[in-house]
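**Student:** A predicted structure for the sequence below; I have some questions about it.
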Amino acid sequence: MNKQFLFLVVLAILMQGVVSNKVWADGDDPIPFIILPPEGGDAPLPGGSAGDDNGSGEHSDPKSPVQMPTVVQDGYTLYIISGCTGATLTLRDEFEIVVYSTVITDETDEVTLPSTLSGTYEIRLIRGSQTFVGEIEL
């Protein structure tokens with residue numbers, strides 16, 4: 001591989017962190033998400049699906065691990081850190097009614113939620129066939 005190309009790739013990755021305004025306080029942790037199984041199916045296994053085992057404990061068709069989304073909450077602001085591009089973000093109340101929904105684009109750095117919301121909400125990020133679920137308090 002060309003050393004100059006590799007240098008430019010590393011520089012671009014490093015500059016992405018410098019230019020980004022996606023910074024949060026030291027005490028703030030990302031929202032812990034879990035992955036929901038596909039509708040009507042079992043939970044996906046890391047590295048492949050349940051039917052891919054070739055008898056040796058390895059999967060015949062390995063897949064990359066799922067990139068978990070990283071979102072940090074500060075009051076009514078959700079900071080979009082990574083893994084959310086193209087996802088639909090929804091908030092559901094205790095009756096599973098969608099009270100807020102938006103699409104996350106490449107340009108989305110943060111989402112400001114309506115200040116009229118209060119209480120505990122289920123936050124869902126739907127990215128393709130994957131659904132990530134967490135909980136937030138407003």
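**Tutor:** Ah, there it is. Numbers count the residues shown, from 1 in each chain.

**Student:** Just give me the neighbour total for residue 106.
**Tutor:** Counted with other Cβ atoms under 10 Å, residues neighbouring residue 106 total 8. C-beta here means a position set from N, CA and C on the backbone, and glycine is covered the same way.

**Student:** Surely it is in a helix?
**Tutor:** No. Under the criterion used here (DSSP: H, G, I helix; E, B strand; the rest coil), residue 106 is coil, not part of a helix.

**Student:** ok now do it, which residues does it touch?
**Tutor:** residue 85 (Cβ atoms under 8 Å, 6 or more residues apart in numbering).

**Student:** ditto for residue 138
**Tutor:** 76, 113, 117-121.

**Student:** next one: residue 90
**Tutor:** 98, 100-101, 123-124, 126.

**Student:** Show me where this protein has its strands.
**Tutor:** Counting by DSSP state E, the chain has strands at residues 34-36, 70-74, 77-82, 88-92, 98-103, 110-112, 120-127, 130-137.

**Student:** Need the pLDDT of the residue nearest to residue 126 when sequence neighbours are not counted.
**Tutor:** Closest residue in space to residue 126, ignoring its immediate chain neighbours: residue 88 at 4.7 Å, by Cβ to Cβ, 6 or more residues apart in numbering. Residue 88 carries a pLDDT value of 97.

**Student:** picking that back up, quick one, which of the contacts of residue 138 are buried?
**Tutor:** 113, 121 (16 or more other Cβ atoms under 10 Å).

**Student:** Which one of the contacts of residue 138 is nearest to residue 36?
**Tutor:** residue 121 (16.0 Å; Cβ to Cβ).

**Student:** Bridged to the residue lying closest to the closest one once chain neighbours are set aside, which residues?
**Tutor:** In space, and not counting its chain neighbours, residue 121 is closest to residue 91: 4.4 Å by Cβ to Cβ, 6+ apart. Beta-bridge pairing for residue 91 (DSSP bridges): residue 100, residue 123.
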